[in-house]
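Sequence and predicted model, in that order:
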Amino acid sequence: MDLHYVSTRDRSNRVTASQAILKGLASDGGLYVPEHLPEFEFKPEDLVGKTYQEIAYEVMRHFLTDFTEEELKTCIKRAYDSKFDSTEIAPMTYAQGAYYLELFHGRTIAFKDMALSILPHLMLASARKNGADREIVILTATSGDTGKAAMAGFADVKGTRIIVFYPKDGVSAIQERQMLTQTGNNTHVVGIHGNFDQAQSGVKRMFNDPALNARIREKGFQFSSANSINIGRLVPQIVYYVYAYVKLLENEKIAAGEKINIVVPTGNFGNILAAYYAKRAGIPIARLICASNENRVLYDFFLTGIYNKNRPFQVTTSPSMDILISSNLERLIYEIAGESDVTDARLMEALTRDGRYEITDQMRQKLGDFYGNYADEGQTAQAIKDIYEACGYVIDTHTAVAASVYGKYKADTADETKTVIASTASPYKFLHDVMAAIDPKYANAADFDLIEPLSEISGLPVPRAVSEILTAPIRHDTVCDVDQMDDVVCKALGL
Ligand SMILES: *Cc1c(COP(=O)(O)O)cnc(C)c1O
């Protein structure tokens, strides 16, 4: 049966999966969601022994029903290949009472690669299916990791261009260098004088600007999005939660049907939403533990039922989670509102107007699967140090937020359910803060001088993503104000 997607703000806005992937954001400003959340036809135990790629097919075919088997398998094969430095694609490491699902073995050593290595292929297949002959222009706002991962995915992919906006002073030195050295004649990188939320709002505004859209269409272009609002990113992220469950079964860490918890260091709410979809589709998952940094807007939301972004924006050592508007939360709101587009649209309008909204008690009751907490900067650093000292395993700052929150969860609940922590970045990506947490003697060293020391203390080989940017030439230098983003786009497209 074909699964359609509808806008969270207007259910009559109904499209196929491939159309949703092409459009990114619905024209009414809503996000595409499955009209009905699918349930897997398989049981996890049926997948024991299968590879990542095979499991990816089994999962994705339930969500992308208008793709043929061959189309999906081709996309999967092109995405999950030797670009990853582990044949397992997402290996798991047990450390200090939890399973770390390492989602950072792709080209840019952060979990965004898991979805962004397949999105360009899904998008081109979608364009072919829908007879779209315009050049696809990917507009992306990034808090540091998405931008590079998206460019790595789209670089030199025919029929596409990509323009990435990042907060000039809001990303790590390694992240910035990774972006500025990006090759590919179809890639553009722009630093903005503003924070991530401003970059994201600017991109959303351009998507919904009829005049700008008309102008670029006339020249043979159409916008699309590689942000986690695109279901073409969300669906591939469901895969690794299924994979993790299957591997725990396979390695006899859990019994068939045994429930596990999942902890996700959260920013835009995409990664944890994928875990929620996996649960709804039938994977035995007990709690979804949402870990925030000092931008604890989600923690407050789970605690009070009030989402309120009116608060100071904190720049932390986990910059990919420095977010006050978690876009994908809208998809959860839609679900807990009983798939009500009317309620969703009303709350999102309030968010735009007042910067806050409050959900009803009835909606709150449906959040029982979630547990939210946060880690401050000191606790995050402590988590890195503790786990390193306990077992020699080095985690990055984002994963450390999750590790710290998991500690709080256990202290709060005494729940001993086996737990998977989504490990979202390699420690090599956030060298300074990782090393300074382990030993204050590194606190004054520059990122690039810490590559060797990290390699020595962790025994982890230096990833290619790091070694290659040391010598690569800088290719991008555009910087602009928030209100100049449209001009930059027009200029990049030669308008
Ligand atoms: C993007 C990112 C996150 C946050 O993921 P969301 O899907 O936006 O919640 C966490 N950690 C790292 C390293 C990231 O790049």
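Sure thing, it's come through.

Near the ligand, which residues of the stretch 151-300 of the chain are found?
Contact residues, the stretch 151-300 of the chain versus the ligand (C-beta under 6 Å from any ligand atom): Ser228, Pro265, Thr266, Gly267, Asn268, Phe269, Gly270, Asn271. To be clear about C-beta, it is placed using only N, CA and C from the backbone, and glycine gets the same treatment.

Which helix or which strand is home to the fifth one?
When elements are defined using DSSP states H and E, Asn268 is found to belong to no helix and no strand.

Distance of it relative to Ser326?
When distances are taken as C-beta to C-beta, to the nearest Å, Asn268 and Ser326 turn out to be 5 Å apart.

what do you get for the fourth one?
When distances are taken as C-beta to C-beta, Gly267 and Ser326 turn out to be 7 Å apart.

Which residues are in contact with Met1?
Applying C-beta atoms under 8 Å, 6 or more residues apart in numbering, we find Met1 in contact with Thr65.

any idea how far stretch 152-171 is from the chain center?
Relative to the centre of its chain, stretch 152-171 is centred 15 Å away, using C-alpha atoms, centre = their mean, to the nearest Å.

Nearest residue to Cys391 in space, please, no chain neighbours.
The shortest distance from Cys391 to any residue other than its chain neighbours is 5.1 Å, reached at Ala95 (C-beta to C-beta, 6 or more residues apart in numbering).

and the one you found, how far is that from Glu456?
On the measure of C-beta to C-beta, Ala95 and Glu456 end up 19 Å apart.

Between the two, which is the more surrounded one?
Counting neighbours by other C-beta atoms under 10 Å for Ala95 and for Glu456 shows that Ala95 has the greater number, 18 against 9.

Got the phi and psi for the more buried one?
Comment: the main-chain dihedrals of Ala95 come out as phi -150, psi 130, following degrees, to the nearest 10.

Repeat that for Asp197.
Dihedral angles phi and psi of Asp197 (degrees, to the nearest 10) take the values phi -60, psi -40.

correct me, but it touches Arg311?
No: the pair formed by Asp197 and Arg311 falls short of the contact definition of C-beta atoms under 8 Å, at 11.6 Å.

Spit out the residues that contact the two alike.
Going by C-beta under 8 Å, 6+ apart, residues that sit against Asp197 and also against Arg311 are Leu324.

is the ligand contacted by stretch 364-382?
No: residues of stretch 364-382 contacting the ligand under C-beta under 6 Å from any ligand atom: none, with a closest distance of 12.0 Å.

How far away from the center of its chain is that stretch?
Between the mean C-alpha location of stretch 364-382 and the chain-wide mean there is a distance of 18 Å, by C-alpha atoms, centre = their mean.

buried sites along that stretch?
Within stretch 364-382, the residues that count as buried by 16 or more other C-beta atoms under 10 Å are Leu367, Phe370, Tyr371, Gly372, Asn373, Tyr374, Ala375, Glu377, Gln379, Thr380, Ala381, Gln382.

what's near enough to touch the fifth one?
In other words, Asn373. When contacts are counted by C-beta under 8 Å, 6+ apart, Asn373 touches Ile289, Cys290, Ala291, Ser292, Tyr299, Val405, Lys408, Tyr409, Asp412.

name the element the last one belongs to?
Meaning Asp412. Counting by DSSP H and E, Asp412 is part of helix 397-413.

Work out for me the element Gln198 sits within.
Assigning secondary structure by DSSP H and E places Gln198 in helix 196-207.

mind listing what's buried in that helix?
Within helix 196-207, the residues that qualify as buried by neighbour count (16+ other C-beta under 10 Å) are Phe196, Asp197, Gln198, Ala199, Gln200, Ser201, Gly202, Val203, Lys204, Met206, Phe207.

ok so, going back, of all the buried residues of stretch 364-382, which comes closest to Asp113?
Distance ranking of the buried residues of stretch 364-382 against Asp113, using C-beta to C-beta, places Thr380 first at 22.8 Å.

which SSE is that closest one in?
Assigning secondary structure by DSSP H and E places Thr380 in helix 377-391.

Apart from its neighbours in sequence, what residue is nearest Asn195?
Going by C-beta to C-beta, 6+ apart, Asn195 has Pro167 as its nearest residue, at 5.0 Å.

Likewise for Gly30?
Arg9 (3.2 Å).

Distance check, the one you found against Ala20.
Looking at Arg9 against Ala20, where the rule is C-beta to C-beta, the gap reads 14 Å.

higher neighbour count, those two?
When Arg9 and Ala20 are compared on other C-beta under 10 Å, the one with more neighbours turns out to be Ala20, at 27 against 22.
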